[in-house]
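Asker: Predicted model, plus sequence, below.
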Amino acid sequence: MPLLSRFDRSLLGRADKPALEFAGRAFTFGDFEVRSNRLVHALRARGLQRGDRLAFFLQNRLEVIDLWLAGVKLGLVIVPVNVLYRERELKHILADAAPKAVVTSADMAGFIPAGTAIWDVDALTAEAAPLSVSRLVVACTPDTPLSLIYTSGTTGASKGAVLTQQNFAANGAALVSEWRFTENDRYLATLPLFHVHGLANGIHCWLLSGCHLRLTERFEHAKAAEWFDDYQPTVFFGVPAMFVRLLELPAERARAIGARLRLAVSGSAPLPAEVHEKFRQLYGSVILERYGMTETLMNISNPYDGERRPGTVGLPLPHVAVRICDEAGAVVPDGTSGEVWVKGANVCAGYWQRPDATAAAWQDGWFRTGDIGVRAPDGYITLQGRRSDLIISGGFNIYPREIEELILEQPGVLEATVVGAPDAVRGEVPVAYVVVDAAKFDETAAMAYLRTQLASFKHPRAFVRVDALPRTALGKVQKRLLPVWQP
């Protein structure tokens, strides 16, 4: 079934039902049908056709949802771009995806590289407002690409995962069923909509179930208690850093929030078992941890009914087959570590214009995730880390090589390597180990330069000076032998 047909159960079937609150304004599902129809006409007037790529570089706002729905109706390929990205990252993604334009706001347009077509979101919305509300739909199939989402890879530069309408439909339908979504739920949405956690999971669960949603521009821990008290959500999706912040609430207030909260989902980074237990004690609610990737959306989840086991990501979802394999691709016995391989309707069509990377990541129809895991005899899977050196900080992927290359450009830097150091709030933070010529190296200037080139979550927490980097006989840095950094 095409994705739009699934959305229509809410857009058309629940047209008069209250659907969403944002910035003090209320909207029905029918309002989003009308808004997206008008936007389709505006995008067509600007020359967009099926298959064209259209990027957005926006904080959470209604127009992100409008663009997504218009993309489904018009057969566009939507390219969400992380709002924390800066010149180097933006230049790479926009050059690689080559979108017809980037939809952004006036306050963020200055970050877009010169030569890129920029469409102001407010101007586009105003242009669409008086246009026809008639529905214009381009015929699509389940295999029609819907989004090109960039993810940090294991070879340095980020790669674009081509996600189809079927990928999003299969993922959303499974989560609505497995996590027991109904139209009576109230979902507090604070995750960024440029990320698959907030978009592929949150927005799709909302549209497919017909529940109510309150959207915020971002998560703000100082306002979280007020949001929970005022909106009284039954569902909340977050990353571990958010749940760490929520542990700061007074016990009585937390218990009242937990009494109304039937489902708290954590993902995008490992959730410490200690946080899992403290949240249960404080809120009386057991966090459901799950595991997904940009390339695959959701793969594994702790059960809604049954044990939500701390430290594990649970059991394979019904639409996903999972193997734990050794380097040769053979399935390993339970209790033995290996790489997690997955197969299902959730797995992307491949990497954009990267046949080499696509061939390397797929084997006999299975996607090699690059994550190391172990399966217990009862089927629960525990992740143990990456095959690569990928750092996951606050739910965002960081590839060390990108930071290392920038550091090596700095005067006085002879060698550099970046590793992930444990952090109580973000899970991991990047730390740079450098060999320098002290007379030429200016640490303050180097850090200032990195802040102009990288998203904030990629900034090294510290420069640790060492006499030499430990290396193998072949010159590979042995990161496990580096001295432990203490904040």
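Answerer: Okay, I see it.
Asker: and R323, how far is that from V347?
Answerer: 13 Å (CB to CB, to the nearest Å). Using the backbone N, CA and C atoms, a C-beta is placed for each residue, glycine as well.
Asker: Neighbour count for those two, which is higher?
Answerer: The neighbour comparison of R323 against V347 (other CB atoms under 10 Å) goes to V347, with 27 against 18.
Asker: pLDDT at that one, what is it?
Answerer: V347 is assigned 98 on the pLDDT scale.
Asker: Can I take it that E405 is in a helix?
Answerer: Yes: judged by DSSP: H, G, I helix; E, B strand; the rest coil, E405 forms part of a helix.
Asker: Run a quick neighbour tally on it.
Answerer: Residues near E405, counting by other CB under 10 Å, number 13.
Asker: Next: D326.
Answerer: With other CB under 10 Å as criterion, D326 counts 12.
Asker: For it, which residues are in contact?
Answerer: Each residue near D326 by CB atoms under 8 Å, 6 or more residues apart in numbering is listed here: V332, G338, E339.
Asker: now with 6 Å?
Answerer: V332, G338 (CB atoms under 6 Å, 6 or more residues apart in numbering).
Asker: so how far is V340 from it?
Answerer: For D326, the distance to V340 (CB to CB) stands at 12 Å.
Asker: now do P422
Answerer: 22 Å.
Asker: neighbour count winner among the two?
Answerer: V340 (29 against 12).
Asker: Which strand residues bridge the more buried one?
Answerer: Beta-bridge partners recorded for V340 (DSSP bridges): I324.
Asker: ok, now how distant is F237 from L175?
Answerer: 10 Å.
Asker: Oh, that last question was meant for A189, not what I typed.
Answerer: Taking CB to CB, one finds A189 at 14 Å from L175.
Asker: cool, and T294?
Answerer: Noted for T294: a distance of 16 Å to L175, by CB to CB.
Asker: out of the two, which sits in the more crowded spot?
Answerer: L175 (26 against 21).
Asker: State the helix or strand in which the more buried one lies.
Answerer: In this assignment (DSSP states H and E), L175 forms part of helix 165-178.
Asker: quick one: buried residues of that helix?
Answerer: 165-176, 178 (16 or more other CB atoms under 10 Å).
Asker: And the pLDDT for S152?
Answerer: So, for S152, pLDDT stands at 54.
Asker: Mean confidence (pLDDT) on the helix holding L175, please.
Answerer: Taken as a whole, helix 165-178 has a mean pLDDT of 97.
Asker: May I have the phi/psi pair for M447?
Answerer: Reported as degrees, to the nearest 10, the phi and psi values for M447 are phi -70, psi -40.
Asker: Please give the number of neighbouring residues around it.
Answerer: The tally of other residues near M447 (other CB under 10 Å) stands at 16.
Asker: Ok, S209 next?
Answerer: By other CB under 10 Å, 25 other residues sit near S209.
Asker: And what about F243, helix, strand or coil?
Answerer: Under three-state DSSP, F243 falls in the helix class.
Asker: so what pLDDT did the residue most central in space within the chain get?
Answerer: Centroid-nearest residue in the chain: H195, 3.3 Å away (criterion: CA atoms, centre = their mean). For H195, the model assigns a pLDDT of 92.
Asker: Can you report how many residues neighbour the residue lying closest to E339 once chain neighbours are set aside?
Answerer: Using CB to CB, 6 or more residues apart in numbering and skipping residues adjacent in sequence, the residue nearest E339 is C325, 5.3 Å away. By other CB under 10 Å, 16 other residues sit near C325.
Asker: Show me the shaky parts of the stretch 351-487 of the chain.
Answerer: Residues of the stretch 351-487 of the chain meeting the criterion pLDDT under 70: 472-476.
Asker: What ranges does it have for its helices?
Answerer: Ranges of helices within the stretch 351-487 of the chain are 355-361, 400-408, 443-453, based on DSSP state H, counting those that start in this stretch.
Asker: do you know which of those lies nearest S268?
Answerer: The closest of the helices of the stretch 351-487 of the chain to S268 is helix 400-408. By CB to CB, the value is 18.5 Å.
Asker: which residues are in contact with that closest one?
Answerer: By CB under 6 Å, 6+ apart, the residues outside helix 400-408 that reach it are G156, D389, V413, A416, V418, A432, L450, Q453, K458.
Asker: Dump those to a markdown table, plus distance to R44.
Answerer: Output for those, formatted as a markdown table (distance: CB to CB, whole Å):
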| residue | distance to R44 |
| --- | --- |
| G156 | 38 |
| D389 | 45 |
| V413 | 51 |
| A416 | 49 |
| V418 | 45 |
| A432 | 48 |
| L450 | 42 |
| Q453 | 37 |
| K458 | 38 |
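Asker: Would you mind finding the most buried of the helices of the stretch 351-487 of the chain?
Answerer: When the helices of the stretch 351-487 of the chain are scored by mean count of other CB atoms under 10 Å, the highest mean neighbour count falls to helix 400-408 (a mean of 19).
Asker: Kindly report the domain assignment for the protein.
Answerer: The chain resolves into domains spanning 3-372, 391-481 when parsed by automatic domain parsing.
Asker: and the first one, how far out from the chain's middle?
Answerer: So that's domain 3-372. Centre-to-centre, domain 3-372 and its host chain are 6 Å apart (CA atoms, centre = their mean, to the nearest Å).
Asker: Span of that domain from start to end?
Answerer: One end of domain 3-372 to the other measures 32 Å (CA to CA, to the nearest Å).
Asker: What is the helix holding L175 packed up against?
Answerer: helix 3-11, helix 204-209 (3 or more CB pairs under 6 Å, 6 or more residues apart in numbering; DSSP states H and E).
Asker: next helix or strand past that helix?
Answerer: Proceeding N to C from helix 165-178, the next assigned helix or strand is strand 186-189, under DSSP H and E.
Asker: Quick check: which of the helices and strands packed on helix 165-178 is buried the most?
Answerer: Highest mean neighbour count of the helices and strands packed on helix 165-178: helix 204-209, a mean of 24 (counted as mean count of other CB under 10 Å).
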